[in-house]
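>>> Turn this into a structure:
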Amino acid sequence: MKHVKIIGIGGLPRSGKDSLAEHFMKAGFFGVSLGDINREYTRERHAGKPDPISVENMTETSNWLRKEHGADFFLQEALRRYEAHDKPSEGLVLFSIRAPIEVDFILERGGELIWVEASAEVRHDRGRAHLRDGEVPISLEEFKRQEAKQWEPQPGQDSESQMNISYVKQKATLTFENNGNSFRAFHEQADELVKRLTGLQ
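Residues are numbered from 1 along each chain as shown. Okay, here's the model as predicted:
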């Protein structure tokens, strides 16, 4: 892969990863959501269920894909989409980073890895208020239980084929706090971060 500026964004479900990535894309970055790639496969793998893209179903699909096709499955698919994009860009923003191999790829190339921080209560409220097609409302306790399977590798499975979000947070070069509910404050903070990391005005 040719030298390109890379920004990685990680965080737990509904932390605001996609919204932050949009600011980099508006600044000219080409963006790929590893979460969206996973959702594509999860909708097919769990078709017929009332909640095909629940956190639990997405975790199962992600682990299965990594086991079947390699720990770097999502990373390679994201890079393929970037290489197929023939328009000039300021760089590449990869969001919904969830595995060590994705983290290491970004950092080894001198990229920045942003951790988006938001409490479970705030994220649960956001999820209930903005359900995606293929999700159903769940309790805060169930929300925490499901996402715990993404936090670190679970016993009984190859650790390289599983999500390890704790590793993402540990290795992050920057933390973006997003516990508030002011859209204006979020956008101002996000714009400032983009300018700081890219030098774009």
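>>> Around residue 121, how many other residues sit close by?
Close neighbours of residue 121, defined as other C-beta atoms under 10 Å, add up to 12. (Each C-beta comes from the backbone N, C-alpha and C, glycine too.)
>>> now the helices: where do they sit in this structure?
Assigned by DSSP state H, the helices in the chain fall at 17-26, 34-45, 55-69, 73-84, 100-108, 120-129, 140-151, 165-171, 183-198.
>>> quick one: which of those is nearest residue 6?
With C-beta to C-beta as the criterion, residue 6 lies closest to helix 100-108 of those, at 5.3 Å.
>>> the inter-axis angle of the closest one versus helix 55-69?
Helix 100-108 runs at 80 degrees relative to helix 55-69, counting by axes from the mean of the first three to the mean of the last three C-alpha atoms, to 10 degrees.
>>> From the contact counts, what lies against helix 100-108?
Counting contacts by 3 or more C-beta pairs under 8 Å, 6 or more residues apart in numbering; DSSP states H and E, helix 100-108 is packed against strand 6-11, helix 73-84, strand 91-97, strand 112-117, helix 165-171.
>>> And stretch 9-26, end to end?
Stretch 9-26 stretches 15 Å from its first residue to its last (C-alpha to C-alpha, to the nearest Å).
>>> same thing with stretch 110-130?
Terminal residues of stretch 110-130 lie 35 Å apart, using C-alpha to C-alpha.
>>> contacting residues around it?
Here stretch 110-130 makes contact (C-beta atoms under 8 Å, 6 or more residues apart in numbering) with 5-17, 20, 97, 103, 106-107, 135, 137, 140, 143-144, 147, 168-169, 171-179, 181, 193, 197.
>>> at 6 Å what do you get?
Residues outside stretch 110-130 that contact it (C-beta atoms under 6 Å, 6 or more residues apart in numbering) are 6-11, 14-17, 20, 106, 137, 140, 143-144, 169, 172-179, 197.
>>> What distance do you get for the nearest residue to residue 75 once chain neighbours are set aside to residue 29?
Spatial nearest neighbour of residue 75, excluding adjacent residues (C-beta to C-beta, 6 or more residues apart in numbering): residue 102 at 5.1 Å. Remark: distance between residue 102 and residue 29 (C-beta to C-beta, to the nearest Å) = 17 Å.
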